[in-house]
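predicted model follows, preceded by the sequence.
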Amino acid sequence: MISVQNIHKSYGTQKVLDNLSFEISDGSITGFLGANGAGKSTTMKIITGYLQSDAGEVFVNQQKVEPGNLDARRQIGYLPEHKPLYPEMYIKEYLRYVAGIYQLSHVEKRVEHVIEQTGLGREQGKKIKMLSKGYRQRVGIAQAIIHEPSVLILDEPTSGLDPNQIVEVRNLILDLGKNKTVMLSTHIMQEVEAMCQRVLIINNGGIAKDTPLANQAKNESGKRYFKVTFDSPTFLNGLPPQSLIQLEELVDATRAILSIPAEETAALIFDFAVQHNIKLLQLTEQSASMEQLFRTSTQ
């Protein structure tokens, strides 16, 4: 379990985190989202003990994370955005080195286990610099779990990977999430939808949205979303700000995602088409996408 309580953090005069609080329960995968510079990486560094907050407290499994409490920090596995890898080292050599830092017993047994667990078997004879980015990511995850932590903090675990590598790393994280508490940061909305049971969105130093992904529909956003197709190019970009119909995404000249207030009916869109003498070819209601939820929470 992770408990973040009233965290404050500033860099000089720039306030990054302002009274930030949230909890993440055991055995769940939680997505931690926010715009660039919102404080995601800073929050993760504070949770892991890599960085100290100006005020507030962090607890992992009821133990306070602070410089002198190594027991709390041993319960955390951390994959930072910029992976702490040594390219000239062989995979096994590097993992033995990390195991030594944690003063593990049965080092060879643990190294063999995490190599199998992360699918590094066929690459284990290579130096890290010879690996593809996807396999380097696996090495990073292997070092994060070698000491068998109960909490896993992953900062941009699929950044820069090709679609095949993303699926491979995603499946690995899903497998790890079966018996660990996982908190991951990413800008790839599809990855959040594929892996997470809950999403936290940070904005202006605090939590702007905290919701289970199952509740991503209109009751969460206060809107209803419709995918529409018109028979000719429209002027949806020119909708006035006070209009009840809002343009969420312009797919192309004739297709768009529109939103209306949750209490309104689809008749509002039909009336719009009649009023502007355009033919409505398709209208399908859909749940709010992660991208829409993100934009609503951070703009």
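That came in fine, so what should we check first?

residue 99: what's it in contact with?
Neighbouring residues of residue 99 by C-beta atoms under 8 Å, 6 or more residues apart in numbering: 107, 110, 111, 146, 147. To be clear about C-beta, it is placed using only N, CA and C from the backbone, and glycine gets the same treatment.

quick check, the second one in contact with residue 100.
No - under the criterion of C-beta atoms under 8 Å, residue 110 lies out of contact with residue 100, with a separation of 10.8 Å.

more neighbours, the two?
residue 110 (21 against 10; other C-beta atoms under 10 Å).

pop out the phi and psi values for the more buried one.
phi -70, psi -40 (degrees, to the nearest 10).

contact partners for it?
With C-beta under 8 Å, 6+ apart, residue 110 has these contacts: 99, 104, 146, 147, 148.

tell me the pLDDT at it?
pLDDT, residue 110: 95.

dump stretch 255-267 to PDB, keeping only the CA atoms.
C-alpha atoms of stretch 255-267 as PDB (Å, rounded to 0.1, in the frame of the first residue of the first chain):
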ATOM      1  CA  ARG A 255     -16.200  13.200 -38.800                       C
ATOM      2  CA  ALA A 256     -15.900  14.300 -35.200                       C
ATOM      3  CA  ILE A 257     -16.300  13.500 -31.500                       C
ATOM      4  CA  LEU A 258     -18.800  15.800 -29.900                       C
ATOM      5  CA  SER A 259     -19.900  16.200 -26.300                       C
ATOM      6  CA  ILE A 260     -23.000  17.600 -24.800                       C
ATOM      7  CA  PRO A 261     -24.000  18.000 -21.100                       C
ATOM      8  CA  ALA A 262     -25.000  14.700 -19.500                       C
ATOM      9  CA  GLU A 263     -28.500  15.900 -18.900                       C
ATOM     10  CA  GLU A 264     -29.100  16.600 -22.600                       C
ATOM     11  CA  THR A 265     -30.300  14.200 -25.200                       C
ATOM     12  CA  ALA A 266     -29.000  13.300 -28.700                       C
ATOM     13  CA  ALA A 267     -31.800  15.500 -30.100                       C
END
